[in-house]
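**Q** Generate coordinates for the sequence data below:
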Amino acid sequence: MKNFIYQNPVKILFGKGQIARLQAEVPKGSKVMMTYGGGSIFKNGVYNQVTEALKGFQVVEFGGIEPNPQYETLMQAVLVAREQRVDFLLAVGGGSVIDGTKFIAAAIPFEGEPWDILAKGARVRSAVKLGAVLTLPATGSEMNSNAVVTNATLHRKLAFASPFVYPVFSVLDPEVTYSLPKRQVANGLVDSFVHVMEQYMTIPGDAPLNDRLSESILKTLIELTPVALSDSPDYENRANLMWSSTMALNGLIGLGVPNDWATHGIGHELTALHGIDHAVTLAIVLPGLLRVMKDQKRVKLLQYGERIWGVSEGSEEERIEKSIQLTEDFFRSTGILTRLSEHNVGMDTINEIFNRFNAPGARRLGELGNIDAEKIKQILLTRL
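**A** Coordinates of the predicted model:
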C-alpha cells in the first residue's frame, strides 16, 4: 500500500425524518442560499420539508441547476450569492446539484476567472460553507470534496477537488428516493458501481482489505438492483442503496491503492459533446476499457470475475472475457444502452475525442498514465 493521509469531515445524518434536523445543523444567523435542480423537490415533498426546517433563517433560492451542472448557470448563482451576501449554501438534490453548489461555494470568494479552477487547476484558497440534502444516490458528492462542471459554450466537462468544498453535513433520507424515475435509479446504480471499479480494477495494490471493501460494495449493488428497479420502493433496499453509493466514493476504498478514472475521463467527453447521461457514458466506456487494458489489469480482472461473478472455469482469456461480458450484461439489465451506435454516436465523435487527447499538453489517463489518445480511440471503437 502507498502512504496516505485521510480526513473526512462530513457529518452524515442518515435515515427517516433527518431533514428536520437542518434547523440545528445550519449555523445560526446564516443567510442561506438553497440550490436545487429542475423542480422535482416540489413534487416529492422535499422542498416543503426543507423550508419548514429552515424557518427563522434568511433564505435565498436558486433553482434550475442542470444534470451535468453548467458553468453558465452556476455563475448566475455566484453573482446572486455575492450580491445577497450569502454565507451558507444548502444543496438540495442529487450529485449534479451538490457538485454545482461546491463550485458556487469555491467561486464566490475566488479572485479572478472562476473557470480557471476547472480549466487551469487554479488553487481554491477558501469557499463558502455548504451542506447537502441528498435526493438521488449516485455520485458520492455528499461525502467527498470533488465536483464536475460542464461548460456548454466550450463543450467541456471538467473536474476539480478541494478540501474547502467538503459539505459540513449531508442529510441522507432514503424515503425521499421513492419518487425517483427508474432511469435515475438505474443511473445511480451504474454510477456507483463504476466508481468502485475505478478504484478497484487496476494493477494490484497489495491491499486485501481495500479489495474486500470494494467487492462488498459491488456485490451489494448487484443484489440491490432488482428491488431497486421494481415498482414498489422498499425502505431497507433504498437505505442500503443510498449508503452503498456514498461508500463508493467517499475516499475510503481508494486509500493507498492505484486509482484509474479513465472511464470517467472518456465518459465526460461523451457527455460534453452529446449530453449523454453521465452513468450511461460509464456503462458505454468501461467494457471497452477493460478489453483494451486487459493485460495490465489481468490479475484484478481474474479476481473480480471469480469473487463478483463466480467465474472460475476456462482459460484466463475466457474467464476475463466472460467477466467483462457479465459486467456489460448487468449494465444492460438496468435498462441502460451500452453501445455508442445506440446513442447515434459515430466516428466523427471518436475522432473529436482522439484529437482532444492528442493535442499538445493533453493528459494521459489510467492508473499508470499510459492510456493515450490512440488507446482511447481503440476503446471507443470497440463500443460502436
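
**Q** so after the helix or strand where Trp243 lies, what's the next helix or strand?
**A** Counting by DSSP states H and E, the element that carries Trp243 is helix 235-248. Going down the chain from helix 235-248, the next helix or strand is helix 262-274, by DSSP H and E.

**Q** Which is the succeeding secondary structure element to that following helix?
**A** Next in sequence after helix 262-274, counting helices and strands by DSSP H and E, comes helix 278-292.

**Q** Find the least confident helix or strand in this structure, judged by mean pLDDT.
**A** Here the helix or strand of the chain ranked lowest by mean pLDDT, DSSP states H and E is helix 40-43, holding a mean of 92.

**Q** Next one: Pro167 from Val176, what distance?
**A** 17 Å (Cβ to Cβ, to the nearest Å). Any C-beta I mention is one placed from the backbone N, CA and C, and that applies to glycine too.

**Q** ok, Leu13 - how many residues close by?
**A** 19 (other Cβ atoms under 10 Å).

**Q** Report the secondary structure element holding it.
**A** strand 11-14.

**Q** what's the average pLDDT for that strand?
**A** Here strand 11-14 scores 98 as its mean pLDDT.

**Q** Who are the packing partners of the helix or strand just after that strand?
**A** Following strand 11-14 in sequence order, the next helix or strand is helix 22-25 (DSSP H and E). Applying 3 or more Cβ pairs under 8 Å, 6 or more residues apart in numbering; DSSP states H and E, one finds that helix 22-25 contacts helix 46-53, strand 130-134.

**Q** Using CSV, lay out those together with mean neighbour count, distance to Asp348 and mean pLDDT.
**A** Output for the helices and strands packed on helix 22-25, formatted as CSV (neighbours: other Cβ atoms under 10 Å; distance: least, Cβ to Cβ, whole Å; pLDDT from 0 to 100):
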stretch, mean neighbour count, distance to Asp348, mean pLDDT
helix 46-53, 18, 41, 97
strand 130-134, 28, 37, 98
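
**Q** quick one, which of these is nearest to Val86?
**A** strand 130-134 (10.3 Å; Cβ to Cβ).

**Q** Paired strands for that closest one, with orientation please.
**A** Sheet pairing for strand 130-134, assigned by DSSP bridges, gives strand 88-93 (parallel), strand 169-172 (parallel).

**Q** Could you find the closest non-adjacent residue to the residue most central in space within the chain?
**A** Nearest to the geometric centre of the chain sits Thr139, at 3.0 Å (Cα atoms, centre = their mean). What sits nearest to Thr139 in space, not counting adjacent residues and going by Cβ to Cβ, 6 or more residues apart in numbering, is Gly95, at 2.8 Å.
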